[in-house]
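J.: Okay, sequence plus prediction incoming.
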Amino acid sequence: MRSRFTGMIPPVVTPFTADGQIDYPSLDRVTDNLIGKGMHGLFVLGSSGEVAYLSDGQREALVRHVVAKVGGRVPVLAGAIDSTCERVIDQARRLEALGVDALVVTCPFYAMNDTSEIADHFRAVAQAVDVPLFAYDVPVRLNGIKLDHAMLIELGREGVIVGVKDSSGNDVAFRRLVAANEAAGHPLAVLTGHECVVDGMLLLGADGAVPGYANVDPARYSALWEAARRGAWAEARKIQDEICEGFEIVFEPVGRSSDASGIGAFKTAMVSLGLIDSNAMAFPVKALEGEVTRRIAERVTASRIS
């Protein structure tokens, strides 16, 4: 099961029209571009998809649309992200009914749970649905909670989860998780969400990556994956260096929220590439504009994205 969810699985951005509606024609272009450039799956309703800003109706409509557009070409993973177990289960059941191939599930947030309670949370979600689960480890958005690697391995050995999407940015913890996973017989597909060290994470044993910047430059991430599979690590590092040079777009905005700087920079670059029509963000985040958009466009041109 976990072998279905390896490789490059980008978190798909949610394009919006200027009046705040989901821009489905742009979403179709993004979807086709990602699959056409070699991505191995798509993750919708993640942080890069601005999931926290979407209503339940918008989440369902977006997932229904993407599942239909993908048409089975690659697996579709969707985020079941909410504040308590019952609310996550409700989200998970809705998404399962829409035909997703796997769910990416957070631990509860706002609610204050310990490790044993978090483990029971994942067990309860798994019992409520029939599709595979990934644990979503993203402390910056979850009260600072870092999922315990021993707990994750235990859940993997129980068959509760098939993988982990690690967006902690904690590379030491990630290496410990990979080592523990190997020692346990590799029950989990372990994916890094760290865009700029994917080469290193693959070298130490990651099963793939969930890079937001792949919305902008999927071809290089595909090439990086293929180089790593061949063991061509010098080539992989060269490709990663090129990716990191392009990723500098996220540092162009100054004094903005992290969503506006990161996702906003991705969207601004995607407008310059003709992938989406607007860099509009979900309310109340304001789109990047003016001089910063010009600098981002210049970096995109210099990156020679194919």
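T.: Perfect, thanks for sending it.
J.: Pull up the gap between V300 and D32, please.
T.: Computed with CB to CB, to the nearest Å, the distance linking V300 and D32 is 19 Å. Placement of C-beta: from N, CA and C, glycine included.
J.: which one of those two has more residues nearby?
T.: V300 (21 against 14; other CB atoms under 10 Å).
J.: Confirm that that one sits in a strand.
T.: No - looking at V300 with DSSP: H, G, I helix; E, B strand; the rest coil, it is helix, so not inside a strand.
J.: Verify the stated contact: it with E245.
T.: No - when contacts are counted by CB atoms under 8 Å, V300 is not listed as touching E245 (11.1 Å).
J.: For G185, give its distance to F251.
T.: For G185, the distance to F251 - CB to CB - is 41 Å.
J.: oh, I was asking about A302
T.: 15 Å.
J.: Tell me who's in contact with the closest residue to V30 other than its chain neighbours.
T.: Counting by CB to CB, 6 or more residues apart in numbering, V30 lies nearest to L275, which is 5.6 Å off, once chain neighbours are set aside. For L275, the contact set (CB atoms under 8 Å, 6 or more residues apart in numbering) comprises S26, R29, V30, N33, N215.
J.: now, which of these lie within helices?
T.: Using DSSP state H, S26, R29, V30, N33 are the members of those that sit in helices.
J.: Thought D277 was touching the second one, still the case?
T.: No - counting by CB under 8 Å, D277 is not a contact partner of R29; they are 9.0 Å apart.
J.: Show me what counts as buried in stretch 119-136.
T.: 119, 121-123, 125-126, 129, 131-136 (16 or more other CB atoms under 10 Å).
J.: Filter those down to just the ones in strands.
T.: Counting by DSSP state E, the part of the buried residues of stretch 119-136 found in strands is L133, F134, A135, Y136.
J.: Confirm for me that the second one is in contact with T106.
T.: Read it as F134. No - F134 is beyond contact range of T106, at 10.2 Å (criterion: CB under 8 Å).
J.: State the three-state secondary structure for the closest residue to G99 other than its chain neighbours.
T.: For G99, ignoring the flanking residues on the chain, the nearest one in space by CB to CB, 6+ apart is V67 at 4.6 Å. Here V67 is helix, with the state taken from three-state DSSP.
J.: Then V100?
T.: coil.
J.: list the contacts for it?
T.: V63, V67, V76, L77, A78, V131.
J.: now T293
T.: Counting by CB under 8 Å, 6+ apart, T293 has contacts T268, N279.
J.: what's the distance between it and W225?
T.: 30 Å.
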